[in-house]
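> sequence and predicted model, in that order:
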Amino acid sequence: MSAELQWELIKNSSSFLLRRKGPRGSGVTFTTEPNNVMNKNSFKFNGLVNKKVVGVSSAADNKGVLFKTKRSKVVSKPAKMFVRATLSKDRRRAFKSIKKNLECTEYRPDLAELAVRRASAILSSQRPAKRLKGKK
């Protein structure tokens with residue numbers, strides 16, 4: 001089944017949809033599906049129907065970022081479908097690795113900057129909170 005047909009079937013009836021009401025009926029539809037970099041309900045960012053998918057999430061131990069890409073040749077084997085890499089050494093190295101994997105290999109160059117932004121937000125949330133100095 002083609003990706004376009006799958007998208008037409010799930011775009012309004014997916015279990016991952018979150019609809020938010022806005023002023024004058026201008027609501028925004030978000031999605032909680034895995035491997036959706038922007039969490040927007042659109043064909044471009046969809047992690048279920050596209051052949052090439054990028055996922056950026058927090059690592060299991062909350063130290064670093066888990067970067068996932070989809071291998072299109074083994075779609076029938078769910079356990080081997082994703083290439084996973086945990087990036088936990090350095091922020092700059094993580095960003096460089098994500099950019100290199102998406103742009104230089106021409107996997108999904110349109111999502112490279114968005115994936116770096118998501119990784120930056122995740123790594124910023126993992127920093128310890130700054131303590132405020134009290135009065136003496």
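On my side now, so go ahead.
> quick one: pLDDT of residue 25?
Looking at residue 25, its pLDDT is 66.
> let me see the backbone angles for residue 129.
phi -70, psi 140 (degrees, to the nearest 10).
> so what's the residue count around it?
Using other C-beta atoms under 10 Å, residue 129 has 5 neighbouring residues. (Each C-beta comes from the backbone N, C-alpha and C, glycine too.)
> residue 48 - nearest residue in space that isn't next to it in sequence?
Spatial nearest neighbour of residue 48, excluding adjacent residues (C-beta to C-beta, 6 or more residues apart in numbering): residue 33 at 5.9 Å.
> burial of the one you found, as a residue count?
20.
> list the contacts of it.
Each residue near residue 33 by C-beta atoms under 8 Å, 6 or more residues apart in numbering is listed here: 14, 16, 46-48.
> quick one: secondary structure of it?
At residue 33 the chain is in coil, as set by DSSP: H, G, I helix; E, B strand; the rest coil.
> the most centrally placed residue in the chain in helix, strand or coil?
Centroid-nearest residue in the chain: residue 37, 2.9 Å away (criterion: C-alpha atoms, centre = their mean). Assigned by three-state DSSP, the conformation of residue 37 is coil.
> how much space between the residue nearest to it when sequence neighbours are not counted and residue 66?
The shortest distance from residue 37 to any non-neighbouring residue, by C-beta to C-beta, 6+ apart, is to residue 114 (4.9 Å). Remark: distance between residue 114 and residue 66 (C-beta to C-beta, to the nearest Å) = 16 Å.
> go on, residue 26?
Residue 26 sits at a distance of 34 Å from residue 66 (criterion: C-beta to C-beta).
> between these two, who's got more neighbours?
Neighbours per residue, other C-beta under 10 Å: of residue 26 and residue 66, the larger number sits with residue 66, 17 against 8.
> which helix in this protein has the most residues?
Using DSSP state H to assign secondary structure, the helix with the most residues in the chain is helix 112-125.
> by contact count, what packs against that helix?
Under the contact definition 3 or more C-beta pairs under 8 Å, 6 or more residues apart in numbering; DSSP states H and E, helix 112-125 sits against strand 54-58, strand 65-70, helix 91-99.
> next, the angle strand 65-70 makes with that helix.
150 degrees (axes from the mean of the first three to the mean of the last three C-alpha atoms, to 10 degrees).
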